[in-house]
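# The following comprises the amino acid sequence and a computationally predicted model.
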Protein chains: 2
Amino acid sequence: MATPGPLQTDEEEVQEANLAFYDALRSLKLARMEAVWLHEPWVRCLHPGWDLLVGWEEVKRSWVDIFRSTTQMMVSISRSLVHVVGDTAWVSCLENVTSTYEEGFSTAVVEATNIYVRRQGKWLLAHHHSTLLPGQVPPGTSSSVQ
Amino acid sequence: MATPGPLQTDEEEVQEANLAFYDALRSLKLARMEAVWLHEPWVRCLHPGWDLLVGWEEVKRSWVDIFRSTTQMMVSISRSLVHVVGDTAWVSCLENVTSTYEEGFSTAVVEATNIYVRRQGKWLLAHHHSTLLPGQVPPGTSSSVQ
């Protein structure tokens, strides 16, 4: 961020927005999660093991619950594929997630689809769909997930 | 289809495209699946229990394999939510799927995200992400899924 680089492509902007989502997840701070989502009644979110959540109010409540029950969240993402059509973009990425709770921790590999919508130049998350990939837990870690 | 009705909204067109995808699935005919997908190297597909497939050639091959090993596919969809932004749209729906193979059958409830892109007035599937919901198998049916 020291010197201004060349203008970003749409794809680079979306990759950055996607990283900001995972930064917000790691932070366990609701304000940061609020900043990366689109606040609309039609946004949707599927957490592993949950039913589909519809609308920002429901989605926000899920993050409140997740952040309340989690003491530390380690997340790295890989194989991040972006496609942009106009003011919509979607990312497929693998999440390596280790969540620490009061009672222990769990590790999982998750395949995610994240759909972003551009509003006033900013890409905001409108849809998060995540699927546990049970066979792909890194060796030497627990795979129990709540 | 007897008499031409009023012009469809974008949402109705997308719902119809989504139904055509599931009709193609039920038909077990590759030509029908080819007709509903966008044939681009960046389309993506996550079948339950598979790794992410990238590009129409890989996606097509998966349908060849699935159709070859399946003797009958019963699919109904419910709770189908559509959102349209420009020439992109995405659907969240629940799939009730019963697949019959040579050796038996399996039943599953699946949460799907299907992203469509409009090309020359036609909505084509560009992304299919499906997640088994293991707790929601209808009572009285097998839940084993290959």
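Thanks, I have it. Numbers count the residues shown, from 1 in each chain, chains lettered A, B, ... in the order given.

# What ranges does chain A have for its helices?
A:10-27, A:30-36, A:56-69 (DSSP state H).

# now the first one: how far from the chain's centre is it?
Helix A:10-27 has its C-alpha centroid displaced from the chain centroid by 8 Å (Cα atoms, centre = their mean, to the nearest Å).

# Format the CA atom coordinates belonging to that helix as PDB.
Provided in PDB are the C-alpha atoms of helix A:10-27 (Å, rounded to 0.1, in the frame of the first residue of the first chain):
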ATOM      1  CA  ASP A  10     -12.300  -6.000 -11.500                       C
ATOM      2  CA  GLU A  11     -11.000  -9.500 -10.700                       C
ATOM      3  CA  GLU A  12      -8.300  -8.100  -8.400                       C
ATOM      4  CA  GLU A  13     -10.900  -5.900  -6.600                       C
ATOM      5  CA  VAL A  14     -13.100  -9.000  -6.000                       C
ATOM      6  CA  GLN A  15     -10.200 -11.000  -4.800                       C
ATOM      7  CA  GLU A  16      -9.500  -8.100  -2.300                       C
ATOM      8  CA  ALA A  17     -13.100  -8.000  -1.200                       C
ATOM      9  CA  ASN A  18     -13.000 -11.800  -0.700                       C
ATOM     10  CA  LEU A  19      -9.900 -11.500   1.500                       C
ATOM     11  CA  ALA A  20     -11.600  -8.800   3.500                       C
ATOM     12  CA  PHE A  21     -14.500 -11.200   4.200                       C
ATOM     13  CA  TYR A  22     -12.000 -13.700   5.600                       C
ATOM     14  CA  ASP A  23     -10.200 -11.000   7.500                       C
ATOM     15  CA  ALA A  24     -13.600 -10.100   9.100                       C
ATOM     16  CA  LEU A  25     -14.200 -13.800   9.900                       C
ATOM     17  CA  ARG A  26     -10.800 -14.000  11.600                       C
ATOM     18  CA  SER A  27     -11.400 -10.800  13.500                       C
END
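
# Name every strand pairing with the longest strand along chain A and say which way it goes.
The longest strand of chain A (DSSP state E) is strand A:104-119. Strand A:104-119 has these partner strands in its sheet, going by DSSP bridges: strand A:88-101 (antiparallel), strand A:122-132 (antiparallel).

# what inclination does that strand have with respect to helix A:10-27?
140 degrees (axes from the mean of the first three to the mean of the last three Cα atoms, to 10 degrees).

# buried residues in strand A:104-119?
Under the neighbour-count criterion of 16 or more other Cβ atoms under 10 Å in any protein chain shown, strand A:104-119 has A:106-118 buried. (Each C-beta comes from the backbone N, C-alpha and C, glycine too.)

# what would the residues you listed look like in TSV with pLDDT and distance to residue B:43?
Output for these, formatted as TSV (pLDDT from 0 to 100; distance: Cβ to Cβ, whole Å):
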residue	pLDDT	distance to residue B:43
A:106	93	32
A:107	95	30
A:108	95	26
A:109	97	23
A:110	97	21
A:111	98	16
A:112	98	17
A:113	98	12
A:114	98	16
A:115	99	15
A:116	98	18
A:117	98	20
A:118	98	21
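
# Relative to residue A:87, which of the residues you listed is nearest.
Taking Cβ to Cβ as the measure, residue A:87 lies nearest residue A:118 of the buried residues of strand A:104-119, at 4.1 Å.

# so what's the closest residue to the closest one other than its chain neighbours scoring on pLDDT?
Computed as Cβ to Cβ, 6 or more residues apart in numbering or on different chains, the closest residue to residue A:118 that is not its neighbour in sequence is residue A:87, at 4.1 Å. The model reports residue A:87 with a pLDDT of 98.

# Around the nearest residue in space to residue A:80 that is not next to it in sequence, count how many other residues there are.
Leaving aside its sequence neighbours, residue A:80 sits nearest to residue A:93 (Cβ to Cβ, 6+ apart; 4.0 Å). The burial count assigned to residue A:93 is 21, neighbours taken as other Cβ atoms under 10 Å in any protein chain shown.

# For chain A, what lies in contact range of chain B?
Taking Cβ under 8 Å from any Cβ of the partner chain as the criterion, chain A approaches chain B at residues A:42, A:44, A:46, A:51-52, A:54, A:79, A:81, A:83, A:85-88, A:90, A:92, A:111, A:113, A:115, A:117, A:126-127, A:129-131, A:133.
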